[in-house]
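With the sequence up front, the predicted model follows.
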Amino acid sequence: MTSELPAESGPTVVWTGLIKTRNKKKVMESVPFPPGLTVMKDFAFTKKDPAISDRERAKFDSSICGNWLKGLAENPAMVAQLKAAGLNDADIEDMKAREVPAGYQVHHKLPLDDGGTNDPSNFVIIKNDPYHIAITALHNSQCRGIPVGTTKVLDWPVPDGIIYPPTPVTPAAPPAPGTPPA
């Protein structure tokens, strides 16, 4: 990924996504993202011709994605990162077979309908629920309907590395019975 855009990254970056609907029901669910994310400030999203991005998506779906997954699963250094993020041996075997691990998606860090490409540096394995869903919701709400060639400036979350989140996230414990809400 090549970008000269101003960015913030590291453990102090806070970005919260929003899932507006889940299973066709309005939920307005706030999704705090853990460290391992770069937020590109004032990202200039310029809508690409859908015919071009559709061709790139077809190439990605037909072979590029699976080959990338297989390559990661055959690289011991990458496997160590995947396991540190919580993937297990069965997930790694799925990747060797060119399959996305259950509960994850392969995501383009910069979207294909902008300047994103099928270069492997633009890919990340991302936990589908809630992180990929929240980023997709942002994309859909901010970028759908933009005319080809038109630019819209926004802040854009980009997961760092090859997998997000980079370490397992421990869900918050539910409040004890009888505890008033915060």
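In hand now; what should we look at? Numbers count the residues shown, from 1 in each chain.

in the helix or strand that contains residue 72, what counts as buried?
Element membership for residue 72 (DSSP states H and E) is helix 65-73. Across helix 65-73, burial judged by 16 or more other Cβ atoms under 10 Å covers 65, 66, 68, 69, 72, 73. Bear in mind the C-beta positions are built from the backbone N, C-alpha and C, glycine included.

Please verify my assumption that the fifth one contacts residue 85.
Yep, that's residue 72 we're talking about. No. Under the criterion of Cβ atoms under 8 Å, residue 72 is not in contact with residue 85, lying 11.5 Å apart.

which residues of the protein fall in strands?
Assigned by DSSP state E, the strands in the chain fall at 7-9, 15-22, 25-33, 37-46, 104-108, 123-127, 151-159, 163-164.

How many neighbouring residues does residue 77 have?
7 (other Cβ atoms under 10 Å).

For this structure, name the helix or strand with the lowest mean pLDDT.
Least confident element among the helices and strands of the chain, by mean pLDDT, DSSP states H and E: strand 7-9 (a mean of 56).

quick check: angle from the helix holding residue 72 to strand 123-127?
On the basis of axes from the mean of the first three to the mean of the last three Cα atoms, to 10 degrees, helix 65-73 is oriented at 80 degrees to strand 123-127.

What helices and strands are in contact with helix 65-73?
Secondary-structure packing of helix 65-73 (3 or more Cβ pairs under 8 Å, 6 or more residues apart in numbering; DSSP states H and E): helix 76-84, helix 89-96, strand 104-108, strand 123-127.

Understood, closing this out.
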